[in-house]
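Give me a 3D structure for the following:
(one chain, ligands or ions: 3)
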Amino acid sequence: MARTIRLAVIAGDGIGPEVVAEGIKVLDAVLAGSDVSVERTEFELGAKRWHDTGETLTDEDLAAISTHDAILLGAVGDPTVPSGVLERGLLLKLRFALDHYVNLRPSVLYPGVPTPLANPGDVDFVVVREGTEGPYTGNGGALRVGTPHEIATEVSVNTAFGVERVVRDAFARAQARPRKKLTLVHKHNVLVNAGHLWRRTVDAVAEEFPEITVDYAHVDAATIYMVTDPARFDVIVTDNLFGDIITDLAAAITGGIGLAASGNVNPDGAFPSMFEPVHGSAPDIAGKSLADPTATVLSVALLLEHLGLPEQAQRISNAVTSDIVSRDGSARSTVEIGDALAARVAG
Ligand SMILES: NC(=O)C1=CN([C@@H]2O[C@H](COP(=O)(O)OP(=O)(O)OC[C@H]3O[C@@H](n4cnc5c(N)ncnc54)[C@H](O)[C@@H]3O)[C@@H](O)[C@H]2O)C=CC1
Ligand SMILES: CC(C)CC(=O)C(=O)O
Ligand SMILES: [Mg+2]
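Ligands and ions are numbered 1, 2, ... in the order given. Presented below is the predicted three-dimensional model:
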């Protein structure tokens with residue numbers, strides 16, 4: 001039966017528009033000739049909009065975005081805008097308002113991918129990062145700013161409801177994977193309030209998943225293991241801040257940030273989920289055709305899988321795998337990589 005996907009596109013800032021253009025190119029190529037079509041709405045959000053109007057994301061924008069089946073986002077953040085204005089007022093506002101409580105970040109070391117690791121082993125894990133709580137909620141403040149007695153707080157919010165739902169999701173994902181292992185990454189030896197809530201929740205939900213091997217690593221040690229023995233990880237569940245940090249490291253060991261994809265998922269389906277590369281707007285390379293669009297293309301694959309199109313998602317993953325194997329170290333532009341991937345998915 002013919003189907004139309006209503007896709008909201010937020011290209012954003014810096015390299016965002018460059019990589020999103022290639023993501024859409026590959027999306028169109030993988031769906032060409034099929035009975036699935038895409039109806040796209042472009043939302044001009046980011047630095048330009050803020051400079052022009054002072055707006056980051058209005059209620060009207062949010063309402064319009066919410067009517068779509070899914071969102072493809074490039075990246076936000078620009079050196080001409082005060083730090084945090086777009087990151088908080090646009091990106092995090094979207095994640096919170098659309099209840100993206102599962103921030104899904106898979107890491108696979110594809111054959112032939114350069115890695116700084118001497119003996120990487122079989123690296124194939126997924127980080128399930130909590131997406132709506134932790135220290136990113138904006139709960140805090142500053143007193144006596146600019147004085148020697150300034151006090152600045154950023155309170156980490158962890159609710160039983162919020163922790164349980166993401167932990168349950170992570171267990172379900174571990175159950176569906178062959179190795180059936182879940183590692184909680186936290187810092188419960190120091191963050192005793194939040195850490196104990198996470199640990200008790202994992203222990204309680206584990207009772208419902210007797211086949212899952214449950215492991216724990218403090219976040220500092222987890223960064224060691226990710227470099228020395230990443231194959232020990234299968235599903236990692238962790239909070240918003242720790243998940244942000246360890247997934248940049250995960251990207252670095254699996255071919256670099258240009259390959260790292262993510263999905264901000266609302267598993268309940270009440271709101272559209274949002275797919276984006278793990279990286280930011282990379283102002284240092286913006287406009288130079290140096291950005292690798294592969295992370296965005298793989299985010300499109302996650303989007304298709306989320307929308308119940310696993311065959312098309314697999315074709316994109318296969319195209320990326322074969323493209324990576326064919327890479328000979330010579331530099332290709334953003335558009336050249338997108339063209340190559342589009343040609344591979346088209347057959
Ligand atoms: N999801 C988002 O929209 C995110 C936005 N940001 C924002 O992006 C801006 C820049 O942040 P940074 O800390 O520099 O992080 P970044 O991820 O933009 O860049 C870090 C490094 O990775 C490189 N890089 C990033 N994407 C790449 C790609 N596709 N291909 C090749 N190299 C790539 C950059 O050139 C840079 O050297 C800031 O405004 C930040 O707040 C940062 C992270 C996530
Ligand atoms: C810019 C932040 C809000 C987000 C970030 O770094 C991320 O989600 O990886
Ligand atoms: Mg990050």
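
neighbouring contacts of the strand with the most length in the chain?
In the chain, taking DSSP state E as the definition, the longest strand is strand 3-12. With Cβ atoms under 8 Å, 6 or more residues apart in numbering as the test, strand 3-12 has contacts from 16-17, 20-21, 24, 35-43, 45-46, 64-65, 67-76, 90, 94, 272, 281, 307. C-beta here means a position set from N, CA and C on the backbone, and glycine is covered the same way.

Over to stretch 330-347?
Contact with stretch 330-347 is made by 15, 18-19, 21-23, 25-26, 28-30, 32, 289-294, 297, 315-316, 318-320, 322-323, as judged by Cβ under 8 Å, 6+ apart.

Which positions in that stretch come out as buried?
Buried residues in stretch 330-347, counting neighbours by 16 or more other Cβ atoms under 10 Å, are found at 332, 334, 337, 338, 339, 340, 341, 342, 344, 345.

Which of these fall in helices?
Using DSSP state H, the members of the buried residues of stretch 330-347 that fall within helices are 334, 337, 338, 339, 340, 341, 342, 344, 345.

Going by distance to ligand 2, which of these wins?
When those are ranked by distance to ligand 2 (Cβ to the nearest ligand atom), residue 334 comes first, at 20.2 Å.

Around ligand 1, pick out the residues from the stretch 201-347 of the chain.
Residues of the stretch 201-347 of the chain found near ligand 1 (Cβ under 6 Å from any ligand atom) are 257-258, 276, 279-285, 291-292, 295.

let's see it at 8 Å
For the stretch 201-347 of the chain, the residues in contact with ligand 1 (Cβ under 8 Å from any ligand atom) are 248, 256-258, 276-285, 290-296.

Now which of those would you call buried?
Of those, these count as buried by 16+ other Cβ under 10 Å: 256-258, 276-283, 285, 290-296.

So which of these would count as near ligand 2 as well?
Among those, the residues that sit close to ligand 2 (Cβ under 8 Å from any ligand atom) are 278, 279, 280.

Which residue would be the closest one in the stretch 151-300 of the chain to ligand 1?
The nearest approach of the stretch 151-300 of the chain to ligand 1 comes at residue 280, 2.3 Å away (Cβ to the nearest ligand atom).

what does the model give that residue for pLDDT?
At residue 280, the model reports a pLDDT of 98.

and stretch 103-119, what's its mean pLDDT?
Confidence for stretch 103-119, expressed as mean pLDDT, is 92.

quick check, that stretch touching ligand 1?
No: judged by Cβ under 8 Å from any ligand atom, stretch 103-119 stays clear of ligand 1, getting no closer than 10.3 Å.

Equivalent analysis for stretch 49-59, please.
No: figure legend: stretch 49-59 not in contact with ligand 1 (Cβ under 8 Å from any ligand atom); closest approach 12.4 Å.

Can you measure across that stretch, start residue to end residue?
End-to-end distance of stretch 49-59 (Cα to Cα, to the nearest Å): 15 Å.

Does that stretch reach ligand 2?
No: for a cut-off given as Cβ under 8 Å from any ligand atom, stretch 49-59 has no contacts with ligand 2; the smallest distance is 12.6 Å.

Let me know the average pLDDT across that stretch.
Per-residue scores along stretch 49-59 average to 98.

Now it: buried residues?
Neighbour-count burial for stretch 49-59, counted by 16+ other Cβ under 10 Å, picks out 49, 50, 56, 57.

Next up, the contacts around whichever residue of the stretch 51-200 of the chain sits closest to ligand 1.
With Cβ to the nearest ligand atom as the measure, residue 77 is the residue of the stretch 51-200 of the chain nearest to ligand 1, at 2.2 Å. Each residue near residue 77 by Cβ under 8 Å, 6+ apart is listed here: 13, 14, 47, 83, 86, 87, 280, 281, 283.
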